[in-house]
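**Q** Whatever this is, show me its structure:
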Amino acid sequence: MANTARPVDRVGVPPQPGRRAAPRRGRTGEGIAPYLLIAPFVVSFLALFAGPALYSLVLSFYRYRGYGTATFTGLDNYRSLLGYHQFWTSWINTGIYWLGGTIVTLGVALLLAVLVYSSAIRGKTLYRPAIFLPNVMAAVAASLIFQIIFAPESGVLTALLGVKLAWNQDLFLGRVAVITLRAWHSIGWSFVIFLAGLTTINPELYDAAKVDGARAWHSLRHITLPLLRPTFLFALVTVSISSLRMFAEPNLLFSNSVAPPQFQPIMNQLYLNLQSGQFGNAAAAAWLIFIPILVVSLIQFRLLRGEAGGGEH
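**A** Numbering: from 1, shown residues only. Model (predicted):
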């Protein structure tokens, strides 16, 4: 008579060596939990950024004063802005503020970071917060302080130099004043970025260069600057985005409300259209401001990513 195999009860039997235990099915809550964690960001992004941005894009094709019926005008708002002389003057001012302020900010911040990081400098605990302190100050307060410094009649510079300089009338001097204010207010943040980047450089490289007879300048040129390129590009991105959307500094430096037309930044085009109730023009101005800033940011991020990828090899 043939033997009939009886089923073996496997309950309580440990898994055999070499065999993988069957994966446990996750609970329903474990699958939903990641989506619940990111839900506040997604909701706030859609409600506070994506939704208003899409609405402003639609509004830029209409003439609307905030009440009544909106009239579709097509590209008329964009044409009127692009054909407006002050629009291009504001962009030129913003470009000069950005270029001059970036050069001064990054140059001085890098120099201060190298000096503070150097072992020959004492009192680092005092210098670090002192250099970063202007960045903590609000842009309005910083502008009012520099308004006193650059006042043509009774300013600090006028008293020190003994010459009345028309900072609020001369185009070159006025732009220099804005660049000086902008650089002073933003050097602290770039200083912290460069200081953090210096800590990633192996000190043995400087010791080896010193043994080979290299001077401080040669170490800075051949060790510090090449190894700080990714840090420099990151600082450039942050300073550029902040400078291109500058608003408070030029306006409050020359007046208590709106700067003279020859000193106005591009953000004034958005503010003045909103103030006059031209919401369609304001929306079009916002997009004409956003697109160049986006292009500059993407180029700089591309350079930053390419530098990081090159460092991996």
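**Q** got a list of what Leu252 touches?
**A** Ala139, Val140, Ser143, Leu144, Gln147 (Cβ atoms under 8 Å, 6 or more residues apart in numbering). C-betas here are computed from N, CA, C, even on glycine.
**Q** Which parts of the helix or strand it falls within count as buried, going by neighbours?
**A** For Leu252, the host element (DSSP states H and E) is helix 248-254. If you call a residue buried by 16 or more other Cβ atoms under 10 Å, then helix 248-254 has these buried ones: Ala248, Glu249, Pro250, Asn251, Leu252, Leu253, Phe254.
**Q** okay, those residues in CSV with distance to Ile193 and pLDDT next?
**A** CSV is the format used below for these (distance: Cβ to Cβ, whole Å; pLDDT from 0 to 100):
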residue, distance to Ile193, pLDDT
Ala248, 22, 87
Glu249, 21, 88
Pro250, 25, 89
Asn251, 27, 89
Leu252, 26, 87
Leu253, 26, 87
Phe254, 30, 84
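**Q** quick check, nearest of those residues to Trp91?
**A** Pro250 (13.2 Å; Cβ to Cβ).
**Q** wait, isn't the closest one in contact with Ala177?
**A** No. Counting by Cβ atoms under 8 Å, Pro250 sits too far from Ala177 to count as a contact (9.1 Å).
**Q** in which helix or strand would I find Ser143?
**A** With DSSP H and E as the criterion, Ser143 is inside helix 139-149.
**Q** Counting neighbours, which bits of that helix end up buried?
**A** Buried, per 16+ other Cβ under 10 Å, within helix 139-149: Ala139, Ala142, Ser143, Ile145, Phe146, Gln147, Ile149.
**Q** Quick one: mean pLDDT over the helix or strand following that helix.
**A** Using DSSP H and E, the helix or strand that follows helix 139-149 in sequence is helix 156-161. Averaging pLDDT along helix 156-161 gives 82.
**Q** can you list the residues that contact helix 156-161?
**A** Contacts of helix 156-161 (Cβ under 8 Å, 6+ apart): Ile148, Ile149, Phe150, Ala151, Pro152, Lys164, Leu165.
**Q** quick one, helices of the stretch 101-250 of the chain?
**A** 124-136, 139-149, 156-161, 171-198, 203-211, 216-219, 225-227, 229-244, 248-254 (DSSP state H, counting those that start in this stretch).
**Q** Of all these, which one is nearest Phe72?
**A** That would be helix 229-244 among these, by Cβ to Cβ, at 30.5 Å.
**Q** tell me what the closest one is packed against?
**A** Helix 229-244 is packed against helix 85-117, helix 171-198, helix 279-312, with contacts defined by 3 or more Cβ pairs under 8 Å, 6 or more residues apart in numbering; DSSP states H and E.
**Q** need those in JSON lines with mean pLDDT, mean neighbour count and distance to Pro129, can you?
**A** Listed next are the helices and strands packed on helix 229-244 as JSON lines, based on pLDDT from 0 to 100; neighbours: other Cβ atoms under 10 Å; distance: least, Cβ to Cβ, whole Å:
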{"stretch": "helix 85-117", "mean pLDDT": "92", "mean neighbour count": "18", "distance to Pro129": "11"}
{"stretch": "helix 171-198", "mean pLDDT": "91", "mean neighbour count": "21", "distance to Pro129": "9"}
{"stretch": "helix 279-312", "mean pLDDT": "80", "mean neighbour count": "16", "distance to Pro129": "28"}
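**Q** Quick check: which of those is nearest to Tyr64?
**A** helix 279-312 (4.8 Å).
**Q** so Leu303 sits right up against Phe232, yeah?
**A** No. Contact between Leu303 and Phe232 fails when scored by Cβ under 8 Å: they sit 10.1 Å apart.
**Q** For Tyr206, which non-adjacent residue is closest in space?
**A** Counting by Cβ to Cβ, 6 or more residues apart in numbering, the nearest residue to Tyr206 once its immediate chain neighbours are dropped is Ser219, at 5.6 Å.
**Q** ok, now how distant is Leu46 from Trp91?
**A** 31 Å (Cβ to Cβ, to the nearest Å).
**Q** ok, now which ones touch the residue nearest the centre of the chain?
**A** The centre of the chain sits closest to Thr238, judged by Cα atoms, centre = their mean, with a distance of 3.1 Å. Neighbour list for Thr238: Trp189, Ser190, Ile193 [criterion: Cβ under 8 Å, 6+ apart].
**Q** Is it possible to get CSV of the buried residues of helix 248-254 that adds distance to Gly83?
**A** What follows is the buried residues of helix 248-254, written out as CSV (distance: Cβ to Cβ, whole Å):
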residue, distance to Gly83
Ala248, 28
Glu249, 28
Pro250, 23
Asn251, 24
Leu252, 29
Leu253, 29
Phe254, 26
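**Q** Nearest to Tyr206 among the residues you listed?
**A** Checking the buried residues of helix 248-254 against Tyr206 by Cβ to Cβ gives Glu249 as the nearest, at 38.0 Å.
**Q** Give me the buried stretch members for stretch 222-234, please.
**A** Neighbour count says stretch 222-234 has Ile223, Thr224, Leu227, Leu228, Arg229, Pro230, Thr231, Phe232, Leu233, Phe234 buried, by 16+ other Cβ under 10 Å.
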